[in-house]
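[1] quick one: sequence and predicted model below, then my questions.
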Amino acid sequence: MTSAVPPPRIEADAESPAQRSSRRSIAAALLLGALGAALALLASRQDWAHGTASVAGGDLPLTATGGDVTGVPAALAIVGLAALVAVFAVRRTGRILVSLLLTLSGGGIVAAALLGARDSSALDEKAATAAGDAAATIHGLSHTGWPYAAAAAGAMLLLAGLLALTYGRSWPAMSGRYERDGTPSPRKARRAVDPERPEELWKALDRGEDPTRGT
């Protein structure tokens, strides 16, 4: 006697290796991009350099923030964050271009942060203003580790851009089901109302239709 129990079915909707790879790359890019942009903005507001200027009343301690040294990391962090969001709003060539913009934003932050890590021009300008002498310069110059934190933030955005360039073709895009192209939506055909059935007359009135039309 044969068994009537059917053999177990293999789940058709099991996640494939390609889908797992795509999902992981999306998560990594979003995490790296968001953290990188936030860290770059934070680092730009911190002290990058300290020094002392000689003024008439003695020595004046001065400080230069990342924004004083260079505004590039903060500006590119905003650009990179916008590009990270836009990656999921565009397709095909547009996605490649936006991913490239994200990559370049990260690289620009790295370059600007490393160039500003030993920069003294911002403090020299403050010293000249404080001393009232254009030739005045800063002395006792010291630097903090925040420029390197900004460079690390740029590296995160750079990696997010490289992930988008490598795996972006398999990433989903925002749904266009609610997008309208200006063409009017076709009207549904109105069903004829049977005057012999009172319930259909009431339903037609509820829909705002005239049940006497077409009779």
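    It's in. Numbering: from 1, shown residues only.
[2] residues in contact with stretch 100-120?
    By C-beta atoms under 8 Å, 6 or more residues apart in numbering, the residues outside stretch 100-120 that reach it are 33, 36, 40, 43, 48-49, 51, 66, 69-70, 72-73, 76-77, 79-80, 83-84, 87, 137-138, 141, 143, 147-148, 150-151, 153-162, 164-165. The way it works is simple: take the backbone N, C-alpha and C, and place the C-beta from them, glycine included.
[3] which of the residues you listed count as buried?
    Buried members of the contacts of stretch 100-120, counted by 16 or more other C-beta atoms under 10 Å: 33, 36, 40, 43, 48-49, 51, 66, 69-70, 72-73, 76-77, 79-80, 83-84, 87, 137-138, 141, 143, 147, 150-151, 153-162, 164-165.
[4] mind checking which of these are in helices?
    Among the buried ones among the contacts of stretch 100-120, the members falling in helices (DSSP state H) are 33, 36, 40, 43, 66, 69, 72-73, 76-77, 79-80, 83-84, 147, 150-151, 153-162, 164-165.
[5] now do the spatially closest residue to Trp171 that is not a sequence neighbour against Asp68, distance only.
    Distance criterion C-beta to C-beta, 6 or more residues apart in numbering; nearest residue to Trp171, sequence neighbours excluded, is Ile26 at 5.7 Å. Using C-beta to C-beta, to the nearest Å, Ile26 is found at 37 Å from Asp68.
[6] how about Val85?
    According to C-beta to C-beta, Val85 and Asp68 sit 29 Å apart.
[7] the two: who's more crowded?
    Between Val85 and Asp68, Asp68 has the larger neighbour count (other C-beta atoms under 10 Å), namely 20 against 14.
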